[in-house]
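Asks: Make a model of this:
(chains A and B)
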There are 2 protein chains.
Amino acid sequence: MLWSGWGDPAKARELPEPVRKLLHDLLGVRAPDVPAATLESVRLAPPRLPAAVLAALGGVTGPVHVSTGHEDRVRHAGGKSTPDLLRMRAGDGAGAPDAVVSPGSHDEVAEVLRVCAEALVAVVPFGGGTSVVGALTPALTPEAGAGFAGVIALDLGRLNRLLDVDAESMIATFEPGVRAPEAERMLGEHGLTIGHFPQSFEYATLGGFAAARSSGQASAGYGRFDDMVVGLTLATPAGTLELGRAPKSAAGPDLRQLVLGSEGAFGVITALRLRVRRAPAVKVYEGWRFASFAEGGAALRALAQHGPLPTVLRLSDETETMIGLARPDAIGGGDSGCLVIAGYEGTDEAPGAEVTGVSARRRAAGQVLAGLGGTPLGAEPGEAWAHGRFSAPYLRDTLLAEGATVETLETAGFWAGLPRLYDAVRLALLGALGSPLVMCHISHVYESGASLYFTVVTAQKGDPLEQWERAKEAVSAAIVAAGGTISHHHGVGRDHRDAYAREIGPLGAEILRAVKERLDPAGIMNPGALVTP
Amino acid sequence: MLWSGWGDPAKARELPEPVRKLLHDLLGVRAPDVPAATLESVRLAPPRLPAAVLAALGGVTGPVHVSTGHEDRVRHAGGKSTPDLLRMRAGDGAGAPDAVVSPGSHDEVAEVLRVCAEALVAVVPFGGGTSVVGALTPALTPEAGAGFAGVIALDLGRLNRLLDVDAESMIATFEPGVRAPEAERMLGEHGLTIGHFPQSFEYATLGGFAAARSSGQASAGYGRFDDMVVGLTLATPAGTLELGRAPKSAAGPDLRQLVLGSEGAFGVITALRLRVRRAPAVKVYEGWRFASFAEGGAALRALAQHGPLPTVLRLSDETETMIGLARPDAIGGGDSGCLVIAGYEGTDEAPGAEVTGVSARRRAAGQVLAGLGGTPLGAEPGEAWAHGRFSAPYLRDTLLAEGATVETLETAGFWAGLPRLYDAVRLALLGALGSPLVMCHISHVYESGASLYFTVVTAQKGDPLEQWERAKEAVSAAIVAAGGTISHHHGVGRDHRDAYAREIGPLGAEILRAVKERLDPAGIMNPGALVTP
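Replies: Numbers count the residues shown, from 1 in each chain, chains lettered A, B, ... in the order given. Model prediction:
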């Protein structure tokens, strides 16, 4: 993973010259005059953990798994949010932990938490490091850093095993540090899949998916990650929690759903039992055109409410369709309408495939789409989407380097409220940024509502971090006011924390604080994330 | 509702003479020599609420909605568990509240809670009164009653409105005291349905479904009640909680899932936003025969994991099949195998019905069932099941009067663990009761597991309440030891509370206590239910 950006540097994407020209002419994008920092030049505070604490941590994990090295600290200084990247590019390593600790087992995690609680050391669980909401930067705010003897990043990369496959119950048990592609590879040997493919897929870990309540691109078919978790183990400073004895239960509140989305603020997920599926033999992705976002939305709603539901279902608004479909030299021309991607994964061979199979579902969903005004565009747009589905983060790096900030913002709401939510976010972005390029898509549908995912591109003006904060605050306020949730994909972290507190209200925030205080009395777990201090 | 039993006394079911003879000869059932108490003869403690508190409550709801009358107190003395009924039949009204208070709005509920918190009056939210796990009997245990100035039943029957129908989002907003049939009637006028049909359907309320995390007979098609709740309002002594801005969210823990199943121990649900469906135009129920419970279970598992899933899907074990299918004079004869009921609800007319429609799903599911050893039995067993689906509680009353205790016990687990769970419960019942009749069915299936629902019939020996407690304790211990959940349908109440605490472990129980202490600092909300004091 590129320390200051996304992914494999060898896969970095160049901007085509016409696009660069467009950004220059249309948005006023100018290349920054300060070159980006190198890893070596990132400024870090001297590590401040007492030697006795370092020794105690080394005693738990083995000294080789406790690092205070410059590169390790820089690589754990944050996630992959726009502010994270802007700070890294500026050489600002203020978010870096004092040490990186890599436990090798649940028991080591539990023991590390014990040591840290005693020594008042903040602990930031670190999986794939792909958070885009500031979930991995505890040292940044003075109030969160005060009172602590230091901060460690708890790197879960060594907890990378597939522990068990129960083919009868279709459940796989994983350690949390397994990266998604490796999980799919290991399950593939059993003919199984998790089916969770968020944009962060190539680097994110299963524990991170659970901690951030992640939603993948194929959620229509496979469900969200929170639908997949049938059991989990949480190591907390107050002890270990084991949850999940049945798929569903009437025995009290579903405490699994309290851990999912807890973002390391309650403890560390050390094992996950996931409902898995047969790996699909067939995958078909295709495109449909609708005249407008509203008409396309009505078609998606029909599929969500009455079926049949494709495995992947997304709808781009007019702007995203135009930008996405156009050749770079033709951007701005023509009426592309709104593109729907519908994907179908499964098999045509199983018993019952006359209704569950890929061909049958595709045919029937096609009838619904056509009946509601859709025009079939064939496989090409679908294949193009599938080909590029994990590549957008690379483009962000290229744009940042060019002097443009590209950011994604997302929410969800009930169907009847979506138009208002859509307008509110766009207006907030226009108000905060002047004349940015704003694109949107629906990528997750439910019977009662859907997500809205915005991509905004703007020229950097002044301090890009301040510019981002202004826009972020405006959008968050607009989402809360329009009745949406502050995040459908990305989680809360620190960037959404205050808006989230408004979303759940004072009493909801009190519940989170009560749980945190019970599980983490010293307040060492990812301080400042999720729960307002 | 019959005060000492179930339902409409006019619908009471007589035992056929051959069945009575069978119970007499096979199980040794003898009619009790003490006649059941009359409502008037139920022994109640003098109401102990101070006059000032009664006046304050009357000031909130209007005095006419505060009752200390004998009949009102008796009718709120408990739910419909076997111990509840045994106590009522014995004239023991120790569980009765000191007063019954019927608020007419959210604000009145909130104000009643304020008055009660100040005066240290315990509050038992009371919906349909159908709890079978002791969720409505706070005064029974000395430890729960100590320290309180009294107990009120908070009857939610006046909160009985359909507040809103959002046909676009397919969401209906209800007050909590609406009984299920009335909710279906009101939605029916909009062509909609909730689709939640537990055995308690005819009397239970929507708020009760949510508070007890209920599961209905058509859960395969419509989902569990916790799947249906997209938003809710909870009045607590610490204030009001409003949850649910989108179907799903990545913004932190799903606090809705903390309220669902909270059984009045955190507060009172005063509004529910439910995902609804189109009322089905077609309903088809049919029977299938499998040679064994194991073979039938494998077929249900195939449908749950790979589809297509019927709307109703249940499988009786050998004993339940034999008892259920046999004419009364032929019980004990023949090899009935195991009966599967598969029901399909929906339409054949909608776009996409070639895969979503009743006919298509029925045909395809039939292929799966036949391919796994099922023999079709046609519509008759399905129609018989549908006809009698809500009548079992009547039979329980008749059996109790005859001197037989009939009890239902249920659990759920992952598929691979179900055989062990099945054996463990049966063994526990045999050990505790000698030679009872034990029947079982699977009525709720998931990709990773299923529920097991046991019906046990035994002759009353000695004190039937003690006999029940012995058996209940043995079964609960067996379920916990075998890895199942203590309840899949019924909830926790007081009867499952201690087993539930073992299920979620000391830290899980601490979480519940922390939440309760924050929302209900005086501990007035349904004390003794759900949360171990």
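
Asks: got the contact list for the residue of the stretch 1-150 of chain A found nearest chain B?
Replies: Using CB to the nearest CB, A:Val133 is the residue of the stretch 1-150 of chain A that sits closest to chain B, at 9.0 Å. No exception for glycine: its C-beta is placed from N, CA and C like everyone else's. A:Val133 makes contact with A:Gly79, A:Ser81, A:Ala212, A:Ser487, A:His490, A:Gly491, A:Val492, A:Gly493, A:Arg494, A:Asp495, A:His496, according to CB atoms under 8 Å, 6 or more residues apart in numbering or on different chains.

Asks: The first one - how many residues pack around it?
Replies: Spelled out, it's A:Gly79. When counting by other CB atoms under 10 Å in any protein chain shown, one arrives at 25 neighbours for A:Gly79.

Asks: thinking it is in contact with A:Thr137, fair?
Replies: Yes: with contact defined as CB atoms under 8 Å, A:Gly79 and A:Thr137 form a contacting pair (7.3 Å).

Asks: could you pull out the strands for the stretch 351-500 of chain A?
Replies: In chain order, the stretch 351-500 of chain A shows strands spanning A:375-378, A:404-414, A:437-442, A:449-459, with DSSP state E, counting those that start in this stretch as the criterion.

Asks: Helices of the stretch 401-533 of chain A, start to end?
Replies: When assigned using DSSP state H, counting those that start in this stretch, the helices of the stretch 401-533 of chain A occupy the ranges A:418-433, A:464-481, A:497-519.

Asks: let me fix that: the stretch 251-400 of chain A
Replies: Defined through DSSP H, counting those that start in this stretch, the helices belonging to the stretch 251-400 of chain A, from first to last, are A:256-259, A:293-306, A:318-325, A:353-356, A:358-371, A:379-388, A:392-402.

Asks: What confidence value was assigned to A:Pro15?
Replies: No, residue A:15 isn't Pro; it's Leu. Turning to A:Leu15, the model gives it a pLDDT of 84.

Asks: Compute the number of surrounding residues for it.
Replies: Counted with other CB under 10 Å, the neighbours of A:Leu15 add up to 17.

Asks: dump the residue contacts of it.
Replies: For A:Leu15, the residues meeting the contact criterion (CB under 8 Å, 6+ apart) are A:Leu23, A:Thr398, A:Leu399, A:Glu402.

Asks: Can you select the buried ones from those residues in PyMOL?
Replies: Buried residues within those, by 16 or more other CB atoms under 10 Å in any protein chain shown, are selected in PyMOL with:
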select buried, chain A and resi 23+398+399+402
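
Asks: Quick check: the farthest pair among the contacts of A:Leu15?
Replies: When CB to CB is used, the two most widely separated members of those are A:Leu23 and A:Thr398, lying 10.6 Å apart.

Asks: Distance check, the nearest residue to A:Ala304 once chain neighbours are set aside against A:Glu320.
Replies: Distances taken as CB to CB, 6 or more residues apart in numbering or on different chains put A:Val445 closest to A:Ala304, at 4.0 Å, once the chain neighbours are dropped. From A:Val445 across to A:Glu320, the span is 17 Å (CB to CB, to the nearest Å).

Asks: Pull out the buried residues from the helix or strand that contains A:Gly58.
Replies: Taking DSSP states H and E as the definition, one finds A:Gly58 inside helix A:51-61. For helix A:51-61, the neighbour count (16+ other CB under 10 Å) marks A:Val53, A:Leu54, A:Ala56, A:Leu57, A:Val60, A:Thr61 as buried.

Asks: Which residue is the nearest non-sequential neighbour of the residue in the stretch 251-400 of chain A that chain B sits nearest to?
Replies: Nearest to chain B in the stretch 251-400 of chain A, going by CB to the nearest CB, is A:Gln257, at a distance of 3.7 Å. Excluding the flanking residues, the one nearest A:Gln257 by CB to CB, 6+ apart is B:Gln257, at 3.7 Å.

Asks: I figured that neighbour was touching B:Arg224, is that so?
Replies: No: contact status for B:Gln257 versus B:Arg224: not in contact, 11.5 Å apart, counting by CB under 8 Å.

Asks: more crowded one of the two?
Replies: For the pair B:Gln257 and B:Arg224, the greater number of neighbours falls to B:Arg224 (24 against 21), based on other CB under 10 Å.

Asks: just checking, that one touches B:Ala212?
Replies: No: taking CB under 8 Å as the contact criterion, B:Arg224 and B:Ala212 are not neighbours in contact, 11.1 Å apart.

Asks: so what sits against both of these two?
Replies: Common contacts of B:Arg224 and B:Ala212 (CB under 8 Å, 6+ apart): none found.

Asks: domain assignment for chain A?
Replies: For chain A, whose domains are defined here by automatic domain parsing, the residue ranges read A:9-158, A:282-388.

Asks: TSV for those domains, including distance to B:Glu242?
Replies: Supplementary listing: these in TSV, determined by distance: least, CB to CB, whole Å:
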stretch	distance to B:Glu242
domain A:9-158	23
domain A:282-388	25
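
Asks: what about the closest residue in space to A:Ile504 that isn't next to it in sequence, how many residues close to it?
Replies: Excluding the flanking residues, the one nearest A:Ile504 by CB to CB, 6+ apart is B:Leu255, at 6.2 Å. Residues lying near B:Leu255 (other CB under 10 Å) number 25.

Asks: From A:Ala250, how far off is B:Leu255?
Replies: Applying CB to CB, the value for B:Leu255 to A:Ala250 is 18 Å.

Asks: Same check on A:Thr321?
Replies: 45 Å.

Asks: Looking only at neighbour counts, state which of those two leads.
Replies: Ranked by neighbour count (other CB under 10 Å), A:Thr321 and A:Ala250 place A:Ala250 first, with 30 against 24.

Asks: is it fair to say the more buried one lies in a helix?
Replies: No: with DSSP: H, G, I helix; E, B strand; the rest coil as the criterion, A:Ala250 is assigned coil and is not in a helix.

Asks: and the closest residue to A:Val133 other than its chain neighbours, what is it in contact with?
Replies: With CB to CB, 6+ apart as the criterion, A:Val133 has its nearest non-adjacent residue at 3.3 Å, and that residue is A:Gly493. Under the criterion of CB under 8 Å, 6+ apart, the contact list for A:Gly493 reads A:Gly79, A:Ser81, A:Ser131, A:Val133, A:Gly134, A:Ala135, A:Leu136, A:Glu263, A:Ala529, A:Leu530.

Asks: A:Gly207 looks like it's in a helix, true?
Replies: Yes: A:Gly207: assigned to a helix according to three-state DSSP.

Asks: ok, and the closest non-adjacent residue to it?
Replies: Nearest in space to A:Gly207, with sequence neighbours left out and distances taken as CB to CB, 6+ apart, is A:Pro176 at 2.5 Å.

Asks: more neighbours, A:Val445 and A:Glu320?
Replies: For A:Val445 and A:Glu320, the more surrounded residue by other CB under 10 Å is A:Val445, and the numbers stand at 26 against 23.

Asks: my guess is the more buried one meets A:Val312, correct?
Replies: No: under the criterion of CB under 8 Å, A:Val445 lies out of contact with A:Val312, with a separation of 10.6 Å.

Asks: Common neighbours of the two, please.
Replies: Taking CB under 8 Å, 6+ apart as the contact rule, A:Val445 and A:Val312 both touch A:Ala220.
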